[in-house]
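Undergrad: fold the stuff below for me.
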Amino acid sequence: MPIPTPDHSRARDRMVANHIAGRGIRDAAVLEAMRTVPREVFVEPGMEEFAYEDSPLPIGEAQTISQPYIVALMVEAAEIERDDRVLEVGAGSGYAAAVMSRIAARVHTIERHASLAEQARRRFEQLGYDNIELRVGDGTRGWAEAAPFDAIVVAAGAPEPPPALRGQLAIGGRLVIPVGGGIFGQRLRRITRTDEDSFEQDDLGGVTFVPLIGEQGWAEDGSRAASNHVPGESRGQSLPEMIAGAAETLPDPDDEDFAVAFERFADCRVVLLGECSHGTSEFYRARAAITRRLVDRHGFTIIAVEADWPDAATINRYVRHLPPRDDAEPMFQRFPTWMWRNTDVAELVMWLHVHNRDREPSGQTGFYGLDMYNLRASIAAVLEYLDKVDPEAAAVARERYGCLTPWQKAPATYGRAVLTRGYADCEAEVVRQLQDLLSRRLEYAAHDGEQFLDASQNARLVTAAERYYRIMYYGGAESWNLRDTHMFETLEHVLDAHGPGSKAIVWAHNSHIGDARHTEMGNARDELNIGQLCRERFGDAAALVGFGTHTGTVAAASDWDGDMQVMRVRPSHRDSVERLCHDSGTPRFLLDLRKDRHEALRRRLLAARLERFIGVIYRPDTELQSHYAEVSLPQQFDAYAWFDETEAITPLGSQHPTGGVPETWPFGL
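TA: Below you'll find the predicted structure:
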């Protein structure tokens, strides 16, 4: 093997100055060790010229040598002293062990690949590093006969810190380990043993490591090793057994007692009810039962749903016994029609109509859409309102909205149009129209307060939708964040309109109502959602309830704008949240995930796991890639409602006829 040369020494100095010290590493012993150990010795032949770039490099057996900064970060976090005994799990090339050997009294390192271990051993011998002891084996079990250790550094990502390693720490010892499943949620943690049974933990940031394979880590096939679920406060129970013990059995959603369990959230300002698919009857019927109880017994006067504002406004007028608009159009005609035009929604709407019949307007419960897709209907609603209260303003609005009208029926194409000349000022015009409308709020509100809320929200929708359809052309997190921010702000506007004591129920997909900060959405894609924004705004006065299923049928399409089909839902993935719930053996339950309810279970569920997300599109053949993401369930939701086997919703077959509004509006049945 090559002997270090002066050129490599200069490269090491540059690496330490630019990539190590330059990025915040301050421990003098770590910096000196990084200057001393020749990294070019630990890379594959032919890769020496890349040894001092701040990047990982392949070393064989599908493993890598970590980038220099990460090595320095982990060694500094371990706070290694001159007399310390150190354990490393995952020797790999041997480079990190070599660095630590320049600081500590003794380093024990474990590698599961015999070929890598043999190469590392030869490198230690060549360099004369005789205070390193290496063995081949399962690093998740540690090195019991050499314990206790003052520091343990793990160079692979574990689902949870292996109990064996925690147990082999000396009092005051530090365990530095990446924790989390896959790329999402891998966080570098430092766990310090403060006494025999107590540990403190620090989060050092996001990292990406190969998986820690072993008895207390991951299995070779990527699933969790069976023995990594260890006794503790769980008294030896498996996770499914713990879930079964904490689960509160629920009756059928059609049972009048179904919603009793959800009254624990009756004092909240906002209760958000999710669904893991847009086409499952049990989710609609369960949310309807909860909604009826919260409305009827606990003073909730707002139902806000993941639907277009103009379409929901038609329902709102019906349930509040307001006359239909003269030019009312068929609602929910845009793909996916079945999401809101189905028998379960129709039943709730009829109930609301009866519920509101003998109530004063201030005591009625309204039905509002939070979403922003129906650009054409929103523009029409603003113009119709202005025609009635301010014809001159309506004329100006038509002029300003003129730049949008060619794309009202296919607004996604608007993104392409704004790339050409003549459309650069459109956003400013739409914003000006919104400002003009709101500036006359007091004057307009005197005509009809409910109509003003409708018109002003439609103006806001057009403002947001113009930008949404523009940035959607480019893709990325910005369009998602704009949409969910718009939906949250719409919710705030409706709450404000109903007064300071108003309370709302939100119906939306799990991807919208589960706190994005604790899912792959927020951790890997910088996306936010309504659930996160509600927690930030309302704190404990917001309740986030997710819904899940194992198998059954679902109403969905294979492609956007495709025909609805009733599809079979594949049984949940073996490493998913859903499989844990299924294996509990309880067919229908509510799991309270809030702190201090089932704390041992909650801690066990904190680690990232797969969760299924089916929208209006379902592709069973690519389900793992298309419909699963990693989440921390007890941080994502306050509670989780489980239905082991579910059925597809039933869409309404008849269409709203043209030529007038029938007596059976809003659905035209």
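Undergrad: when you work out contacts or count neighbours from here on, use the C-alpha atoms and nothing else.
TA: Will do.
Undergrad: and the most centrally placed residue in the chain, what are its bridge partners?
TA: Among the residues of the chain, the one closest to the centroid is residue 519, at 2.9 Å (Cα atoms, centre = their mean). In this structure, residue 519 bridges to residue 631 when assessed by DSSP bridges.
Undergrad: next one: residue 133
TA: Assessed by DSSP bridges, residue 133 has beta-bridge partners residue 108.
Undergrad: quick one: low-confidence parts of the stretch 1-150 of the chain?
TA: The model of the stretch 1-150 of the chain has pLDDT under 70 over residues 1-7, 62.
Undergrad: where do the strands sit along it?
TA: Taking DSSP state E, counting those that start in this stretch, the strands of the stretch 1-150 of the chain run over residues 57-60, 63-65, 85-89, 106-111, 132-136, 149-154.
Undergrad: export those to TSV and tack on distance to residue 168?
TA: As requested, these are exported to TSV (distance: least, Cα to Cα, whole Å):
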stretch	distance to residue 168
strand 57-60	29
strand 63-65	26
strand 85-89	9
strand 106-111	13
strand 132-136	17
strand 149-154	6
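Undergrad: wait, residue 294 sits on residue 300?
TA: Yes - if you go by Cα atoms under 8 Å, residue 294 and residue 300 touch, sitting 5.8 Å apart.
Undergrad: out of the strands of the stretch 1-150 of the chain, which is closest to residue 239?
TA: Of all those, strand 149-154 sits nearest to residue 239, with 25.2 Å by Cα to Cα.
Undergrad: tell me the mean pLDDT for whichever helix or strand comes after that closest one?
TA: The C-terminal neighbour of strand 149-154 among helices and strands, as given by DSSP states H and E, is helix 163-167. Averaging pLDDT along helix 163-167 yields 94.
Undergrad: show me what helix 163-167 is in contact with.
TA: 140-142, 152, 175, 193, 216, 230 (Cα atoms under 8 Å, 6 or more residues apart in numbering).
Undergrad: which parts of it are buried?
TA: Neighbour counts using 16 or more other Cα atoms under 10 Å place 163, 165-167 of helix 163-167 among the buried residues.
Undergrad: adding distance to residue 502, write these out as TSV.
TA: Formatted as TSV, the buried residues of helix 163-167 follow (distance: Cα to Cα, whole Å):
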residue	distance to residue 502
163	48
165	52
166	49
167	52
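Undergrad: what pLDDT does the residue lying closest to residue 620 once chain neighbours are set aside get?
TA: Nearest non-adjacent residue to residue 620, counting by Cα to Cα, 6 or more residues apart in numbering: residue 570, 6.8 Å away. pLDDT recorded at residue 570 is 95.
Undergrad: contacts only, for residue 570.
TA: 550-552, 620.
Undergrad: helix or strand with the lowest mean pLDDT in this structure?
TA: Scoring the helices and strands of the chain by mean pLDDT, DSSP states H and E places helix 414-417 at the bottom, with a mean of 56.
Undergrad: quick one: the strands in the stretch 301-450 of the chain?
TA: For the stretch 301-450 of the chain, the strands defined by DSSP E, counting those that start in this stretch occupy 302-308, 366-371.
Undergrad: run the chain-centre distance for the shortest one.
TA: In other words, strand 366-371. Centre-to-centre, strand 366-371 and its host chain are 23 Å apart (Cα atoms, centre = their mean, to the nearest Å).
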